[in-house]
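*Asks:* coordinates for the following, if possible.
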Amino acid sequence: IPLAEFTDPALLKVGDEVYFSGKVTRDMLGLQMIGPGYEKTPPSPPLESGGRLETTHTARIVPMYSLTTGITQKQIRFLLSQIIGMAKDVPEWLPEAILERADLIPIGEAIRGIHFPNDEVDLKQAEKRLKFDELFILQLRAEMIRQSLKRSEALALPLQTEAVKEFVNSLPFKLTDDQRIAAWEILKDMERTEPMNRLLEGDVGSGKTVVATLVMYNTALNGYQAVFMAPTEILARQHFVTIVELLGKFGVSVGLLTRSEADRTTDIGYRTSDSFKKKKETIIEQLRAGSLQVIVGTHALLTEQVNFKRLGLVIVDEQHRFGVEQRKIIREKTGEKKKTPHFLSMTATPIPRSFALTVYGDLDLSIIKQMPVGRKKIITRAVAPHNREKAYEFIREQVRNGRQVFVVCPLITNNQDTKNKKQETNNGK
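*Replies:* The predicted structure is shown next:
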């Protein structure tokens, strides 16, 4: 059947039986339907004679698809209607026992029902089956990761009790109970020869970074290196400053490596007057030699040049910003190829425990709910365009009062423009 038959109004002739679909309104002339969808009555036996109505675009629950330029809903529906019968040949992958226990329809029926359901019940059964599949696959993947980790061997990093107590006592604040519990759970995980795989969840300002610094310190005390990865350069620099402030007095060497920055706490083989290239080469060499104990950075740590002598711990801040492959790459950079480093994810996204256990089913979960004493509440506000000037005035007022303000903008760059700028720099312009 040509597509034109479903798209060209000129093909409608006097005497045709047609189904129309649209919003019915009433005006002074009576009932009307503006711009309705329509469809010719299919050549099938009438309902009163026992035939079944087989329309595609009207007189049924109609699927709505995401479109792109040059294609219409009718065209997609028509094309799918020609092949939907093949859904019955899709092999069933769930065992019969699971189908019965969860009261699910076969996958072929679900595929047909999600596109062309016979009624509401049919649609809901199709949705239930497909949603179950998505969640089941998530859980199956999580269990596969868990089993894989159980087969892997990690570096056992015993808790250095006295040194860690000294670190905690040196803090200018008292750890909250939630911070202590989270740190204890992480440290106990790292004592095992099974790789830790844990998610640390806590709101902005709840103190996740100090917990991460504590476990990195314990890693360094055991003679191993730790990596702290942040999704942006601003966050990486912020974490670097905080970690240096906390660990510097204990003689732990800390480095920073991003696309545009290279820095570290000690001057061994490193001069502040060096070029970025030289600083970067020095840090990469010290990571490879093992003399740099903690490194903070961004995706720049994933490059082939960066490797470690004894990587014991990987920490990823806002792990949803890093793909599975990226996390796998950083894990495989340890100098001891037969050992898997411990892995800690951190997120400020408030995820309900039940949901977190579903989405991150392969991770153990630690949650910091308490805010440190004296911590101001974080206020987030969306400013409408017509209130932009008020927002600017608020900023001006903060600056006049001696406070600081920083603005974060998305980086939108034309690749060719970037290449041209690099070329100009190389030419000395």
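
*Asks:* next one: the top helix by length along the chain to chain centre, how far?
*Replies:* The residue-count maximum for a helix in the chain (DSSP state H) belongs to helix 120-151. Mean-position distance between helix 120-151 and its chain equals 18 Å (C-alpha atoms, centre = their mean, to the nearest Å).

*Asks:* so who does residue 115 touch?
*Replies:* By C-beta atoms under 8 Å, 6 or more residues apart in numbering, the contact set of residue 115 is 63, 80, 84. Any C-beta I mention is one placed from the backbone N, CA and C, and that applies to glycine too.

*Asks:* just the buried subset of these, please.
*Replies:* The neighbour count (16 or more other C-beta atoms under 10 Å) marks 63, 84 as buried among those.

*Asks:* closest to residue 198 out of the contacts of residue 115?
*Replies:* The closest of these to residue 198 turns out to be residue 63 (C-beta to C-beta; 42.0 Å).

*Asks:* just to be sure, the closest one is in a strand?
*Replies:* No. Counting by DSSP: H, G, I helix; E, B strand; the rest coil, residue 63 falls outside a strand, being coil.

*Asks:* what does it show for phi and psi?
*Replies:* Backbone torsions of residue 63, given as degrees, to the nearest 10, read phi -70, psi 140.

*Asks:* measure it to residue 89 for me?
*Replies:* Going from residue 63 to residue 89 by C-beta to C-beta, to the nearest Å gives 20 Å.

*Asks:* kindly report the same for residue 329.
*Replies:* Note on residue 329: its distance to residue 89, by C-beta to C-beta, is 39 Å.

*Asks:* and for residue 315?
*Replies:* Look at residue 315 and residue 89: by C-beta to C-beta, they are 48 Å apart.

*Asks:* name all residues that make contact with residue 19.
*Replies:* Taking C-beta under 8 Å, 6+ apart as the contact definition, residue 19 lies against 38-41, 55, 57-59.

*Asks:* residues near the closest residue in space to it that isn't next to it in sequence, how many?
*Replies:* Using C-beta to C-beta, 6 or more residues apart in numbering and skipping the chain neighbours, the partner closest in space to residue 19 is residue 58 (3.9 Å). Number of residues near residue 58 (other C-beta atoms under 10 Å) recorded here: 18.

*Asks:* dump the residue contacts of residue 58.
*Replies:* By C-beta under 8 Å, 6+ apart, the contact list for residue 58 reads 19-21, 37-39.

*Asks:* go again using 6 Å as the cut-off
*Replies:* Residue 58 sits next to 19, 21, 39 when contact means C-beta atoms under 6 Å, 6 or more residues apart in numbering.

*Asks:* same list (those residues) but as JSON lines, adding pLDDT, distance to residue 167 and secondary structure.
*Replies:* What follows is those, written out as JSON lines (pLDDT from 0 to 100; distance: C-beta to C-beta, whole Å; DSSP: H, G, I helix; E, B strand; the rest coil):
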{"residue": "19", "pLDDT": "87", "distance to residue 167": "75", "secondary structure": "strand"}
{"residue": "21", "pLDDT": "85", "distance to residue 167": "69", "secondary structure": "strand"}
{"residue": "39", "pLDDT": "82", "distance to residue 167": "73", "secondary structure": "strand"}
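
*Asks:* where does the stretch 301-429 of the chain have low pLDDT?
*Replies:* 319-328, 331, 335, 350-362, 373-375, 411-429 (pLDDT under 70).

*Asks:* between residue 329 and residue 89, tell me which one has more neighbours.
*Replies:* Using other C-beta under 10 Å as the criterion, residue 329 and residue 89 rank with residue 329 on top: 17 against 7.

*Asks:* give me the distance between the more buried one and residue 71.
*Replies:* Going from residue 329 to residue 71 by C-beta to C-beta gives 38 Å.

*Asks:* just residue 123 next, same as before
*Replies:* 24 Å.

*Asks:* the two: who's more crowded?
*Replies:* More neighbours surround residue 123 than the other of residue 123 and residue 71, with 17 against 11 (other C-beta under 10 Å).

*Asks:* so who does the more buried one touch?
*Replies:* 61, 117.

*Asks:* got it, and residue 132?
*Replies:* By C-beta under 6 Å, 6+ apart, the contact set of residue 132 is residue 104.

*Asks:* got it, and the one 5 residues further on?
*Replies:* If you count contacts by C-beta under 6 Å, 6+ apart, residue 137 has none.

*Asks:* what do you get for residue 276?
*Replies:* By C-beta under 6 Å, 6+ apart, the contact set of residue 276 is residue 262.

*Asks:* mind checking how far it is from residue 240?
*Replies:* With distances taken as C-beta to C-beta, residue 276 is found 15 Å from residue 240.

*Asks:* what do you get for residue 86?
*Replies:* Distance of residue 86 to residue 240, given as C-beta to C-beta: 56 Å.

*Asks:* same deal with residue 61?
*Replies:* Counting by C-beta to C-beta, the gap from residue 61 to residue 240 is 56 Å.

*Asks:* so between these two, which is more surrounded?
*Replies:* A count of neighbours by other C-beta under 10 Å puts residue 240 above the other of residue 61 and residue 240, at 25 against 12.

*Asks:* shouldn't the more buried one be within a helix?
*Replies:* Yes. Counting by three-state DSSP, residue 240 falls inside a helix.

*Asks:* surely it is in contact with residue 294?
*Replies:* No. Between residue 240 and residue 294 there is no contact under C-beta atoms under 6 Å: 9.4 Å.

*Asks:* nice, that's everything, thank you.
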